[in-house]
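Novice: What follows is a predicted protein model with its sequence.
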Amino acid sequence: KKEEKATLIKEVKATIRKEEKATLKKEEKAAAQPGTDTITRDVKLILLGNSNSGKTNLVNYLQTGNYLGERNSTHGLDVIRWHPDPKRFPLLKDVYVSIWDFGGQEYYHEAYRLFLSANAVYIVMWEKDTDKNFRKLTKVANDKEEELEHFEKRYWLDTVRHYGKKKKTAPLTLVQNKTDIPAEDKLRISQEMFTEYSLMETYHISLREGCNTSNKQQVRILQNFEQDIETILLRAADEATTKASWQIIRSEILRLQENDFIGENAFKKNKGHIKEDTWIDLADFNEVCKTLTTGALTDLELFTLPRWLDKCGVVVYFEKNDRLNDKVFINPKKLSEKIYTILNDEVRSKKGEFNKKDIGGDENFKTTFIEAVLALELVFPHPETQDRFIAPQYLPAKHAIEDLFRIASANAWQDSFWIKVPLFYYKKLLNQLILKYVGDSTVEARYFWKHGIVFVKNNLRVMIKGLYPNENESEGVLLVGVEQGDAKKS
C-alpha cells in the first residue's frame with residue numbers, strides 16, 4: 001500500500017506540473033506582422049478591478065469630465081468607443097480609444113484572458129475597503145445589493161501579467177480611487193510591488209472630490225492623472241503601426257461594434273453573414289475584407305488578418321481550435337453576453353451541471369456555444385455522461401461529505417502535501433484536479449464540489465481541497481491528503 005500511495009501522490013504532482021507547463025506553452029506565437037506604411041491612431045484601454053472600485057466612473061470622467069456618482073456595476077464587460085475631446089486631450093485629437101470596462105464579479109473572470117490582448121494599455125483600479133480577499137454585500141446599483149467576492153490588488157496584477165500576451169511590456173498602471181481624505185485613505189505601494197509587476201506608474205485619486213471644484217488639491221491631483229493618461233495613450237498609439245488596407249478593415253469592424261450592429265456596414269451587406277450578431281464564417285469574412293481594399297489581399301494577408309485582429313482585441317479568433325477556426329467572432333462583447341446569460345440564467349440554477357438541451361437557440365448556435373465555452377475552459381465535458389457538462393464556478397460551494405470525511409478519518413494515518421499558487425491561477429488548477437479524478441475510471445467513489453473532491457482509489461481515501469487565502473494574502477493553497485484505513489505506520 002505504501003507504493004500505491006506514493007504512486008498516487010506522484011500522479012497528483014504530475015498533473016499539477018503538466019497544467020503549469022500547458023499554461024506556459026499557451027503563449028501565442030508571434031503572427032506575421034503587417035507592413036508599416038501608415039500610423040494607426042487606435043488604442044485599446046482595459047480597466048480591471050473589484051466591483052465598485054470606480055472603473056465605470058472613470059470611463060464617464062474621461063468622456064465628460066464629470067463625476068457620475070451612480071452605483072451601477074458592470075456585468076460581464078462594456079466596450080465603449082471613445083474619441084477624446086480635443087480641448088481636454090489635444091494630443092489625442094486623431095486617436096480613438098476602445099475602452100473595455102470589465103465587471104468585477106468573480107464568475108466573469110475565467111473569460112477575461114480571451115480579451116487581454118497584446119496591444120493594450122491596462123489600468124487596475126482598487127480602493128482600500130475592498131482590497132482584500134473576502135465576500136461582502138455590495139451595492140451593484142443605487143437600489144440593489146448583491147454579495148460579491150472581492151480580491152486583493154495582486155490578484156488583478158497577476159491576471160494582467162499572466163494572461164496579457166506581451167507579459168511585462170504592456171503598459172500597466174495601478175490606480176487607487178476613493179482617496180477622499182489623502183492623509184487617511186492613501187496607501188503606499190511598495191517598491192517591491194512596483195518592480196515585480198513592472199508598473200508604469202501608480203496613482204492615488206478621488207474621482208468624486210477631484211470633480212469638486214472647491215477642493216483644489218484633489219482637482220489638481222485628478223488633472224495631473226488625466227494628463228499622464230493622455231501621454232500613455234498617445235505613446236501606445238504611436239507604437240502601433242499597420243498597413244492602410246488593414247486599418248480600413250479594422251475601422252469597419254470597430255464602426256460596426258460602435259453602432260451596436262445597427263445601420264449599413266460592409267460586413268452586414270449580405271444577409272446571413274453575421275450569425276447571432278456574434279460571428280461570421282471565415283470564408284465570408286475574407287470576401288468582405290477583399291471588397292474593402294483597393295489592392296488585392298495576398299493569401300498570407302488573409303491568413304494573418306484574423307490572427308492580427310484577435311491580437312489587437314478587435315475580434316476573437318480561435319486559431320488553434322479546429323472546430324471554431326472557421327469562424328471569426330466579430331462581436332466579442334456579444335459573445336461574452338451570450339456566454340454569461342446562459343451560464344448565469346441556466347447553469348447556475350442547475351448547480352453547475354447541464355445538458356446541451358438546456359441551451360436555447362438552434363443546433364448551430366448550441367454547438368458553437370458549447371465549443372466556445374469549452375475552448376475558454378469555462379465548462380468541461382462530464383466524464384460519465386455524454387452531452388452533459390460541468391461549469392466548476394457554479395458547483396455548490398460546500399458538500400456534506402467534506403465534514404463526514406474529516407470525522408471518519410480523524411485518527412487515520414495520513415500522507416499529505418500542499419502547494420501555494422497565485423490566487424488568479426488557484427481556481428483553474430483546482431478545477432483541473434477535480435475534473436481529472438471525476439473522470440478517472442479507476443476511482444471507486446467520488447464526491448466533488450466547487451472547492452474540492454474526495455474519492456477512493458486503490459483502497460486509499462483521498463481528499464483534494466482548495467484553501468482560500470486570508471484577506472491580506474495573495475496565494476491560495478491546494479491541500480492533498482491520502483489516507484489508508486486505521487492502520488498507523490511510520
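Specialist: Everything's here; your move. Numbering: from 1, shown residues only.
Novice: mind listing what the residue nearest the centre of the chain touches?
Specialist: Geometric centre of the chain, nearest residue: residue 112, 1.4 Å, by C-alpha atoms, centre = their mean. Residues in contact with residue 112, defined by C-beta atoms under 8 Å, 6 or more residues apart in numbering, are 48, 102, 159, 163. For glycine as for every other residue, the C-beta is placed from the backbone atoms N, C-alpha and C.
Novice: who wins for neighbours among the residues you listed?
Specialist: residue 48 (26 neighbours; other C-beta atoms under 10 Å).
Novice: Hmm, that one is touching residue 120, no?
Specialist: No. Look at residue 48 against residue 120 with C-beta atoms under 8 Å: they stay out of range, at 10.9 Å.
Novice: Now for the two: what residues contact both?
Specialist: With C-beta under 8 Å, 6+ apart, residue 48 and residue 120 have no common neighbours.
Novice: which SS state does residue 445 fall under?
Specialist: Under DSSP: H, G, I helix; E, B strand; the rest coil, the three-state class of residue 445 is strand.
Novice: is it in a bridge, and if so with what?
Specialist: On the basis of DSSP bridges, residue 445 is bridged to residue 456.
Novice: Now do the same for residue 471: its pLDDT.
Specialist: Note on residue 471: pLDDT of 75.
Novice: Residue 124 too?
Specialist: The model's pLDDT for residue 124 equals 97.
Novice: Helix or strand: which one has it?
Specialist: Assigned by DSSP states H and E, residue 124 belongs to strand 121-126.
Novice: quick one: strands adjacent to that strand?
Specialist: strand 42-49 (parallel), strand 172-176 (parallel).
Novice: right, and the helix or strand after that strand?
Specialist: strand 134-141.
Novice: Return the list of helices and strands in contact with that following strand.
Specialist: strand 144-150 (3 or more C-beta pairs under 8 Å, 6 or more residues apart in numbering; DSSP states H and E).
Novice: buried sites along the strand it packs on?
Specialist: 148, 149, 150 (16 or more other C-beta atoms under 10 Å).
Novice: And the furthest pair within the contacts of residue 112?
Specialist: Greatest spatial distance among those (C-beta to C-beta): 102 and 163, at 12.0 Å.
Novice: just checking, which of the contacts of residue 112 belong to strands?
Specialist: 48, 102 (DSSP state E).
Novice: Between the contacts of residue 112, which sits nearest residue 257?
Specialist: residue 102 (16.3 Å).
Novice: For the closest one, give the beta-bridge partners.
Specialist: residue 77.
Novice: picking up where we left off before, any idea which of the buried residues of strand 144-150 is the one closest to residue 192?
Specialist: Looking across the buried residues of strand 144-150 and measuring by C-beta to C-beta, the closest to residue 192 is residue 150, at 22.7 Å.
Novice: could you list every residue that touches the nearest residue to that closest one once chain neighbours are set aside?
Specialist: Nearest residue to residue 150 in three dimensions, chain neighbours excluded: residue 130, at 4.2 Å (C-beta to C-beta, 6 or more residues apart in numbering). Contacts for residue 130 (C-beta under 8 Å, 6+ apart) come out as 50, 51, 52, 53, 136, 138, 150.
Novice: Now with 10 Å, please.
Specialist: 49-53, 104, 136, 138, 148-153, 178 (C-beta atoms under 10 Å, 6 or more residues apart in numbering).
Novice: Residue 292 now?
Specialist: Applying C-beta under 10 Å, 6+ apart, the residues near residue 292 are 245, 246, 248, 249, 250, 251, 252, 253, 266, 267.
Novice: can you rerun that using 7 Å?
Specialist: Residues in contact with residue 292 (C-beta atoms under 7 Å, 6 or more residues apart in numbering) are 248, 249, 252, 266.
Novice: Return the alpha-carbon coordinates of whichever strand or helix holds the third one using PDB.
Specialist: Counting by DSSP H and E, the element that carries residue 252 is helix 244-258. Backbone C-alpha positions of helix 244-258 (Å, rounded to 0.1, in the frame of the first residue of the first chain) are rendered in PDB as follows:
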ATOM      1  CA  ALA A 244      -3.500  51.300 -44.600                       C
ATOM      2  CA  SER A 245      -5.600  48.500 -46.000                       C
ATOM      3  CA  TRP A 246      -5.600  46.600 -42.700                       C
ATOM      4  CA  GLN A 247      -6.500  49.800 -40.900                       C
ATOM      5  CA  ILE A 248      -9.600  50.200 -43.200                       C
ATOM      6  CA  ILE A 249     -10.800  46.700 -42.300                       C
ATOM      7  CA  ARG A 250     -10.300  47.200 -38.600                       C
ATOM      8  CA  SER A 251     -12.100  50.600 -38.700                       C
ATOM      9  CA  GLU A 252     -15.100  49.000 -40.400                       C
ATOM     10  CA  ILE A 253     -15.300  46.300 -37.700                       C
ATOM     11  CA  LEU A 254     -14.900  48.900 -34.900                       C
ATOM     12  CA  ARG A 255     -17.600  51.100 -36.600                       C
ATOM     13  CA  LEU A 256     -19.900  48.100 -36.600                       C
ATOM     14  CA  GLN A 257     -19.300  47.400 -33.000                       C
ATOM     15  CA  GLU A 258     -19.600  51.100 -32.000                       C
END
